[in-house]
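1. Kindly return the folded structure for what I paste below:
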Amino acid sequence: MVRLKTRYILFEIIYPERKTYPIEDNFGTVADSALSIHQPTDSKVTGRQIIYLIRLSLHKNFGDYGSSTAVGLSMRYFSPRTGTGILRVTRNNWKYIVAAITFINSINGEHCIFHTINVSGSIKKCEDRSMQYSKDLIRTLRKARNAADDDDDASILGRVFAEDMKKDSQGVSMNDNRV
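-> Sure, this is the predicted structure:
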């Protein structure tokens, strides 16, 4: 008996133009920009709708042959809350599916980007990679927030130091009863 060999594609949906924050706050820091593009997907978006969009993209970009590569395509996991999903595809056609995913640029009229995170031979490895990717994203956000807080502290200290230097140059004593 011959076993059907498959590949699992881990992807995420990113929303670069969603206006949930004021525009000037969107890309001020790494953390703000990461938070602004990694937002939950609309609850109306389903795995079935994404499969339909992939099949449509395959037909539009690769014609009849592209449509035939979607025979073994199925959604194994999709979470609107995180915007991540896992697709199961046949081993010979995974490159066409990944290419078709990158050509999708909107869902329900909202601009989005499909980012392929990992392609694996087992669903367990895709799940592990998904957890690792989420942990890395959280770690990046925490580092960026801490760096932003440090920059704020440094800029405050820099302003105080500059004021002290200005007063010192004007002849005011450095020990002027500051708390």
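
2. So which helix or strand of the protein has the lowest pLDDT on average?
-> Least confident element among the helices and strands of the chain, by mean pLDDT, DSSP states H and E: helix 23-26 (a mean of 51).

3. mind listing the strands for this protein?
-> Secondary structure of the chain (DSSP state E): strands located at 6-14, 74-79, 84-90, 106-107, 110-111, 113-120.

4. And the ones you listed: which comes nearest residue 100?
-> Across those, residue 100 has its closest neighbour in strand 113-120 (9.3 Å, CB to CB). C-beta here means a position set from N, CA and C on the backbone, and glycine is covered the same way.

5. How about that closest one, which residues are buried there?
-> 113-116, 118-120 (16 or more other CB atoms under 10 Å).

6. Now do it against strand 6-14: the angle between them, please.
-> 150 degrees (axes from the mean of the first three to the mean of the last three CA atoms, to 10 degrees).

7. hmm, who's touching strand 113-120?
-> Applying CB atoms under 8 Å, 6 or more residues apart in numbering, the contact partners of strand 113-120 are 7-16, 84, 94, 98, 101-102, 104-105, 125-126, 129-130, 133.

8. Pull it out as PDB, backbone CA atoms only.
-> What follows is strand 113-120, C-alpha atoms only, in PDB (Å, rounded to 0.1, in the frame of the first residue of the first chain):
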ATOM      1  CA  ILE A 113      -0.800  39.900   3.300                       C
ATOM      2  CA  PHE A 114      -0.500  36.200   3.600                       C
ATOM      3  CA  HIS A 115       2.900  35.300   5.200                       C
ATOM      4  CA  THR A 116       4.100  31.700   4.900                       C
ATOM      5  CA  ILE A 117       5.900  30.900   8.100                       C
ATOM      6  CA  ASN A 118       6.800  27.200   7.600                       C
ATOM      7  CA  VAL A 119       6.400  24.200   5.300                       C
ATOM      8  CA  SER A 120       6.800  20.900   7.000                       C
END
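
9. Partner strands of that strand and their direction?
-> strand 6-14 (antiparallel) (DSSP bridges).

10. avg pLDDT for the partner strand?
-> On average, the pLDDT along strand 6-14 is 94.

11. Which residue ranges of the chain form helices?
-> Per DSSP state H, the chain carries helices over the ranges 23-26, 30-37, 47-68, 94-103, 123-169.

12. So, low pLDDT: which residues of the protein?
-> 18-36, 148-179 (pLDDT under 70).

13. For residue 101, the count of nearby residues, please.
-> By other CB atoms under 10 Å, the residues close to residue 101 number 22.

14. how close does it sit to residue 9?
-> 7 Å (CB to CB, to the nearest Å).
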